[in-house]
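Peer 1: Structure for this input, please:
(one chain, ligands or ions: 1)
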Amino acid sequence: MHMAQFGDLRLHYDVTGPEDGMPVVFANSLGTDYRLWDKILPMLPADLRILRFDKRGHGLSDVPDGPYSMGALISDTEKLMDHTGFKDAIFVGLSIGGMIAQGLAAKRLDLVRAMVLSNTGAKIGTRDMWADRVAAVNEGGLASVVDPTMDRWFSKPFHADPEFPAWRNMFLRTPSMGWTGCAAAIAGTDFISSTSGLRLPTLAIAGSEDGSTPPDLVFETADLIPGAQKELIRGAGHLPCVEKPVEYAAILSAFLKAQGAG
Ligand SMILES: O=C(O)CC1=CCC(=O)O1
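Peer 2: Residues are numbered from 1 along each chain as shown. Here you go, the predicted structure:
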């Protein structure tokens with residue numbers, strides 16, 4: 001367990017793997033902490049140096065007053081990578097984590113050699129949609145939006161999985177300020193133009209049952225980047241690394257190996 005301090009903000013992170021391993025950074029989604037990746041890490045090549053972290057407002061990181069900007073989330077990530085010595089990394093971002101990947105690649109290409117855009121978009125939803133959700137959370141907390149969120153996160157059959165209540169609890173225990181702060185960052189982000197200018201190896205992963213970032217959105221974003229590879233995981237919602245970890249790890253491992261891993 002590690003904390004890095006940048007001014008008033010402390011971020012919780014974890015580094016594993018050999019010091020000379022291929023650097024890979026994982027950035028998770030809205031309402032999750034870095035345990036999002038727990039199931040797939042043991043299935044990836046062994047020679048990876050892995051950085052995971054809880055973005056501001058999530059997990060064990062600090063919860064500054066919101067709203068947050070996407071620029072602040074990208075800057076936090078940049079500082080954490082500089083702090084931990086991660087550069088020229090493969091950046092795996094899911095949902096808002098994939099937005100951070102796109103923004104970081106546009107700003108600091110020295111940090112990002114390749115991207116995995118998982119269940120994300122250059123633009124996710126509309127300002128009105130996010131404003132409605134933020135208003136609901138300000139009024140009734142995350143409990144007021146948990147059921148539709150779980151429907152977007154997971155396919156119907158996974159709702160009966162013994163693990164499902166744990167993911168529901170992870171969402172419910174996210175600080176409301178952390179969630180609304182990051183929701184505001186998503187609402188204010190449109191990376192269509194900047195992502196169109198990116199030229200780096202990219203893998204896009206979508207879940208056929210994803211109610212947050214449906215396959216069309218994920219693949220339209222991938223199509224902005226020449227040569228981007230597109231993979232669809234059937235039977236998975238917004239978090240295929242949780243719902244279909246074997247399939248997810250296989251797709252990710254093949255991409256990592258193509259970039260030179262194990
Ligand atoms: O709440 C959702 O629909 C899930 C989500 C959207 C953006 C993100 O990071 O998670």
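Peer 1: now the residue in the stretch 151-262 of the chain that the ligand sits nearest to, what's its secondary structure?
Peer 2: Relative to the ligand, the nearest point of the stretch 151-262 of the chain is residue 212 (3.2 Å; C-beta to the nearest ligand atom). Every residue, glycine included, has its C-beta placed from N, CA and C. Secondary structure, DSSP: H, G, I helix; E, B strand; the rest coil: residue 212 is coil.
Peer 1: Just the strands from this protein, written as ranges.
Peer 2: Taking DSSP state E, the strands of the chain run over residues 2-6, 9-16, 22-27, 48-53, 89-94, 112-118, 202-207, 229-233.
Peer 1: Can you check which of those gets nearest to the ligand?
Peer 2: strand 89-94 (7.2 Å).
Peer 1: who does the closest one pair up with?
Peer 2: Strand pairing for strand 89-94, using DSSP bridges, gives strand 22-27 (parallel), strand 112-118 (parallel).
Peer 1: would CSV of the ones you listed with mean pLDDT, mean neighbour count and distance to the ligand be doable?
Peer 2: Below are those laid out as CSV (pLDDT from 0 to 100; neighbours: other C-beta atoms under 10 Å; distance: least, C-beta to the nearest ligand atom, whole Å):
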stretch, mean pLDDT, mean neighbour count, distance to the ligand
strand 22-27, 98, 25, 10
strand 112-118, 98, 26, 10
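Peer 1: any chance of those in CSV, with distance to residue 169 too?
Peer 2: Shown next, in CSV, are the strands paired with strand 89-94 (distance: least, C-beta to C-beta, whole Å):
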stretch, distance to residue 169
strand 22-27, 21
strand 112-118, 22
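Peer 1: Can you pull up the residues of the stretch 101-250 of the chain that come close to the ligand?
Peer 2: Counting by C-beta under 6 Å from any ligand atom, the stretch 101-250 of the chain comes close to the ligand at 124, 149, 152, 186, 212, 238.
Peer 1: buried subset of these?
Peer 2: By neighbour count, with 16 or more other C-beta atoms under 10 Å, those hold 124, 149, 186, 212, 238 as buried.
Peer 1: of those residues, closest to residue 156?
Peer 2: Of all those, residue 238 has the smallest distance to residue 156: 13.4 Å, by C-beta to C-beta.
Peer 1: Now that the closest one has come up, it's in contact with residue 217, right?
Peer 2: No. Counting by C-beta atoms under 8 Å, residue 217 is not a contact partner of residue 238; they are 11.2 Å apart.
Peer 1: can you count the residues close to the residue in the stretch 51-200 of the chain that the ligand sits nearest to?
Peer 2: Nearest to the ligand, among the residues of the stretch 51-200 of the chain, is residue 95, at 3.0 Å (C-beta to the nearest ligand atom). Other residues near residue 95 come to 28 when the count uses other C-beta atoms under 10 Å.
Peer 1: Touching stretch 253-262 from outside, list them.
Peer 2: The contact list for stretch 253-262 (C-beta atoms under 8 Å, 6 or more residues apart in numbering) reads 22, 24, 43-48, 90, 113-114, 116, 201, 203, 229.
Peer 1: Mind picking the two most distant members of the residues you listed?
Peer 2: Among those, the pair separated by the greatest distance (C-beta to C-beta) is 46 and 229, at 23.1 Å.
Peer 1: Same drill for these two, tell me which one is more crowded.
Peer 2: More crowded of residue 46 and residue 229, by other C-beta under 10 Å: residue 229, with 16 against 10.
Peer 1: Next step: the buried ones among the residues of the stretch 101-250 of the chain next to the ligand restricted to helices.
Peer 2: 149, 186 (DSSP state H).
Peer 1: Turn the buried ones among the residues of the stretch 101-250 of the chain next to the ligand into CSV, columns for pLDDT.
Peer 2: Below are these laid out as CSV (pLDDT from 0 to 100):
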residue, pLDDT
124, 98
149, 98
186, 98
212, 97
238, 98
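Peer 1: Redo the buried ones among the residues of the stretch 101-250 of the chain next to the ligand as a markdown table? Include distance to residue 131.
Peer 2: Output for these, formatted as a markdown table (distance: C-beta to C-beta, whole Å):
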| residue | distance to residue 131 |
| --- | --- |
| 124 | 14 |
| 149 | 16 |
| 186 | 11 |
| 212 | 17 |
| 238 | 20 |
